[in-house]
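Chemist: just a sequence and a predicted model for now, questions to come.
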Amino acid sequence: MRVGRYRLVEDIGAGGMAVVSRAVVDGYQGFSREIVVKRISSSVAPTETLVHLLATEARLSAKLLHPNIVQVYDFDQVDGEYYIAMELVDGVTLLELLRALRAQKRQPPVGVVCFIVREVARALAYAHALTDEQGRPLEIVHRDVTPSNIMVTDFGGVKLLDFGIAKAAAHVRSDQTQTQIGAIRGKISYLSPEQILGHQVDRRSDIFSLGIVFSELLTTEKLFKSPSDFETMRRIREDAIAPPSTRRSDLSEEIDAIVGKMLARAPEERFASCAELVDALTPLTRRWQGDGVALRRFVAELGPISKAMGTLVLPTPSFDVAVTRVDPVEPLELVEERSQTVLSAPVPPRGRLLRWALSWPAAWILATMAVLSPAWLIRELPPAPAPAPRVAKPAAALSAPSLATPDAAQAPSTAAATAATATATAEAATATRPPPAAAKLRRRHKIITLPSSPGPSRAPVRQGNEPPHDRGAPLMAPDGTSSTAR
């Protein structure tokens with residue numbers, strides 16, 4: 001894939017709005033050079049505000065020509081896709097370096113730490129004092145001096161990157177890229193008190209943020225570790241800051257004094273400029289023998305340092321408008337892990353083979369139990385009782401004449417026939433009577449049939465409080481025949 005004259009090789013970083021790729025620019029007679037291309041993500045529509053932010057970042061970064069600042073080479077667009085071409089840095093960020101130190105429970109040499117902070121201070125001093133072609137100060141304030149924006153190269157160099165949310169003079173930034181009043185720009189754990197309060201910031205705000213980085217490098221511990229962003233901002237504004245020597249015994253009072261002055265809450269009590277900070281750190285760096293060679297040797301002693309993505313790790317794209325950016329920290333702190341993508345390490349082949357070997361015995365046991373369970377695992381349960389058979393009424397009972405006849409008297413022969421029929425019906429019911437257990441579930445009502453005699457007809461006699469037409473009582477049909485209600 002190509003973007004303009006740059007051939008993209010692989011993606012090495014991604015954020016909410018941008019994608020960073022390793023690329024190669026090909027030239028005449030076999031000339032080629034590896035660079036980094038940062039472009040707006042395809043999932044984000046390139047709005048006018050985003051384009052202005054990216055253009056301002058490129059325009060501002062192109063003026064920063066310093067060995068301790070990542071260089072920007074080009075800004076262009078192809079078919080509506082805007083991109084920045086910048087320097088490729090082979091190395092690790094201070095964030096990754098701190099993670100490796102915490103994992104190995106080591107502390108970096110004091111001289112190496114002083115050297116890193118001094119090189120960053122040199123880059124900031126250059127950016128703070130930069131002017132345009134007419135000699136007007138650009139008034140650049142980085143506003144995002146954090147471990148993730150400082151890189152240590154494989155050759156002992158130090159690079160400051162990502163001026164995307166940097167503050168600059170009004171004649172440098174367009175109206176679309178002016179920060180809204182009260183908006184917080186930067187990572188929560190490295191904000192200065194004036195940033196939190198929404199006050200006007202200047203170069204001394206970067207000195208406070210660099211003081212936090214200085215303290216964390218010396219102690220390998222978070223300076224303002226809190227369970228929430230609100231608590232972190234409160235601690236930055238109010239809590240007393242302990243000197244680094246309280247957590248590391250080999251530090252001198254001079255280092256405590258420098259860190260304390262950098263972290264003064266009142267901007268006027270800090271160093272007036274990063275140039276003064278460089279002058280204060282240089283004697284300590286020499287005394288503790290801190291330089292690029294010592295830095296390269298120390299990083300080599302740590303061994304391979306895991307990187308989040310590829311060679312260059314960039315945080316969430318820096319051209320977010322007035323959005324609070326959460327600081328990426330070590331995975332052990334879940335409170336501030338929201339802006340990081342946790343990548344699970346692949347399972348080694350040996351672990352997969354062990355799990356595969358252990359799974360076979362379990363599978364055989366389960367299969368054997370499934371096959372043999374009908375024979376010896378399941379107990380034979382007693383059969384359920386058969387349902388009670390329904391009692392079928394004989395046809396003679398259905399065709400027998402009703403006792404409640406409208407005639408005034410019945411003949412003796414008819415009465416005898418009726419009594420014989422009733423006797424046969426009772427014998428049939430007794431022969432087909434259901435078992436006692438089932439019989440208890442049925443309501444039975446005994447109907448006493450009286451023999452007919454001359455005179456008025458007699459109605460069946462009901463026992464107790466039996467309703468007139470209860471179950472088993474003979475009912476008179478409209479045609480004069482009788483039936484049994486069920």
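Modeler: Nice, I can see it.

Chemist: make it CA atoms for all contacts and neighbour counts henceforth
Modeler: Noted.

Chemist: give the residue spans of the stretch 101-250 of the chain that score low on pLDDT.
Modeler: Across the stretch 101-250 of the chain, residues meeting the criterion (pLDDT under 70) sit at 170-186.

Chemist: let's see that with 80 instead.
Modeler: The stretch 101-250 of the chain contains residues with pLDDT under 80 at 164-165, 169-186.

Chemist: so which residues of it form strands?
Modeler: Here the stretch 101-250 of the chain has its strands, by DSSP state E, counting those that start in this stretch, at 150-153, 158-160.

Chemist: any idea which of those gets closest to Gln289?
Modeler: Gln289 lies closest to strand 158-160 among the strands of the stretch 101-250 of the chain, at 16.4 Å (Cα to Cα).

Chemist: what's the closest one packed up against?
Modeler: Applying 3 or more Cα pairs under 8 Å, 6 or more residues apart in numbering; DSSP states H and E, we find strand 158-160 packed against helix 110-128, strand 150-153.

Chemist: residues in contact with that strand?
Modeler: By Cα atoms under 8 Å, 6 or more residues apart in numbering, the surrounding residues in contact with strand 158-160 are 67-70, 116, 119-120, 123, 149-153.

Chemist: stretch 232-252 too?
Modeler: By Cα under 8 Å, 6+ apart, the surrounding residues in contact with stretch 232-252 are 110, 188-189, 191-193, 196, 215, 218-219, 224-226, 253, 256, 259-260, 265.

Chemist: mind redoing it with 10 Å?
Modeler: With Cα atoms under 10 Å, 6 or more residues apart in numbering as the test, stretch 232-252 has contacts from 107, 109-110, 188-197, 214-221, 223-226, 228-229, 231, 253, 255-260, 263-265, 284.

Chemist: related to what we said a few turns ago, output the helices and strands packed on strand 158-160 in a markdown table, with mean neighbour count appended to each entry.
Modeler: Converted to a markdown table, these look like this (neighbours: other Cα atoms under 10 Å):
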| stretch | mean neighbour count |
| --- | --- |
| helix 110-128 | 23 |
| strand 150-153 | 23 |
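
Chemist: will you turn those into CSV that also has distance to Ala300?
Modeler: Shown next, in CSV, are the helices and strands packed on strand 158-160 (distance: least, Cα to Cα, whole Å):
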stretch, distance to Ala300
helix 110-128, 13
strand 150-153, 11
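
Chemist: can you tell me which of these comes nearest to Val37?
Modeler: Among these, strand 150-153 comes nearest to Val37, with 17.5 Å by Cα to Cα.

Chemist: so what are the sheet partners of that closest one and their directions?
Modeler: Strands that pair with strand 150-153, judged by DSSP bridges, come out as strand 91-93 (antiparallel), strand 158-160 (antiparallel).

Chemist: quick check: which of those strands is buried the most?
Modeler: Per residue and on average, the most neighbours among these fall to strand 158-160, with a mean of 26 (mean count of other Cα atoms under 10 Å).

Chemist: one step back: among the contacts of stretch 232-252, which lie within helices?
Modeler: Filtering the contacts of stretch 232-252 for membership in helices, criterion DSSP state H, returns 110, 193-197, 214-219, 229, 231, 253, 255-260, 284.

Chemist: and the host helix or strand of Ala85, what does it pack against?
Modeler: Here Ala85 sits within strand 81-86, counting by DSSP states H and E. Packing partners of strand 81-86 (3 or more Cα pairs under 10 Å, 6 or more residues apart in numbering; DSSP states H and E): strand 2-3, strand 18-26, strand 32-40, helix 48-62, strand 72-78.

Chemist: what about 7 Å?
Modeler: Using 3 or more Cα pairs under 7 Å, 6 or more residues apart in numbering; DSSP states H and E, the elements in contact with strand 81-86 are strand 32-40, strand 72-78.

Chemist: how about it as CSV, C-alpha atoms only?
Modeler: C-alpha atoms of strand 81-86 as CSV (Å, rounded to 0.1, in the frame of the first residue of the first chain):
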residue,chain,number,x,y,z
GLU,A,81,-6.2,11.3,3.1
TYR,A,82,-4.0,13.6,5.2
TYR,A,83,-0.7,12.3,6.6
ILE,A,84,2.5,13.4,8.3
ALA,A,85,5.9,11.9,7.5
MET,A,86,8.3,11.9,10.4
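
Chemist: adjacent strands (with direction) for that strand?
Modeler: strand 32-40 (antiparallel), strand 72-78 (antiparallel).

Chemist: ok, back up a step: so which of the helices and strands packed on strand 158-160 comes closest to Arg2?
Modeler: strand 150-153 (27.3 Å).

Chemist: low-confidence stretches in the stretch 301-450 of the chain?
Modeler: Checking the stretch 301-450 of the chain against pLDDT under 80 turns up 306-450.

Chemist: please report the distance of Glu139 from Ala127.
Modeler: From Glu139 across to Ala127, the span is 8 Å (Cα to Cα, to the nearest Å).

Chemist: same check, this time on Gln195
Modeler: Using Cα to Cα, Gln195 is found at 19 Å from Ala127.

Chemist: please apply the same query to Glu238.
Modeler: Glu238 is 30 Å from Ala127, where distance means Cα to Cα.

Chemist: picking up where we left off before, reformat the helices and strands packed on strand 81-86 as CSV; add mean neighbour count and mean pLDDT.
Modeler: Listed next are the helices and strands packed on strand 81-86 as CSV, based on neighbours: other Cα atoms under 10 Å; pLDDT from 0 to 100:
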stretch, mean neighbour count, mean pLDDT
strand 32-40, 21, 90
strand 72-78, 16, 89
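
Chemist: dump the ones you listed to TSV, plus distance to Val9.
Modeler: As requested, these are exported to TSV (distance: least, Cα to Cα, whole Å):
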stretch	distance to Val9
strand 32-40	9
strand 72-78	18
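
Chemist: quick one on the thing from earlier: who's in contact with the strand holding Ala85?
Modeler: Residues from elsewhere that reach strand 81-86 (Cα atoms under 7 Å, 6 or more residues apart in numbering): 35-40, 58, 71-77.

Chemist: same check, this time on stretch 196-212
Modeler: Here stretch 196-212 has contacts from 128, 141-143, 145, 182-184, 190-192, 194-195, 223, 233, 259, 262-263, 267, 270, 272-274, using Cα under 7 Å, 6+ apart.

Chemist: ok, of these, which come out buried?
Modeler: The neighbour count (16 or more other Cα atoms under 10 Å) marks 128, 141-143, 145, 183-184, 190-192, 194-195, 223, 233, 259, 262-263, 267, 270, 273-274 as buried among the contacts of stretch 196-212.

Chemist: secondary structure class for Val9?
Modeler: strand (DSSP: H, G, I helix; E, B strand; the rest coil).

Chemist: count of neighbours near it?
Modeler: The number of residues packed near Val9 is 14, by other Cα atoms under 10 Å.

Chemist: quick one: it and Leu98, what's the gap?
Modeler: Per Cα to Cα, Val9 is found 29 Å from Leu98.

Chemist: equivalent analysis for Phe115, please.
Modeler: Distance, Phe115 to Leu98, using Cα to Cα: 16 Å.

Chemist: buried residues, stretch 279-292. List them.
Modeler: Neighbour-count burial for stretch 279-292 [16+ other Cα under 10 Å]: Ala280, Leu281, Leu284, Thr285, Gln289, Gly290, Asp291, Gly292.

Chemist: just the ones in helices from the residues you listed, please.
Modeler: Those of those lying in helices (DSSP H): Ala280, Leu281, Leu284, Thr285, Gly292.
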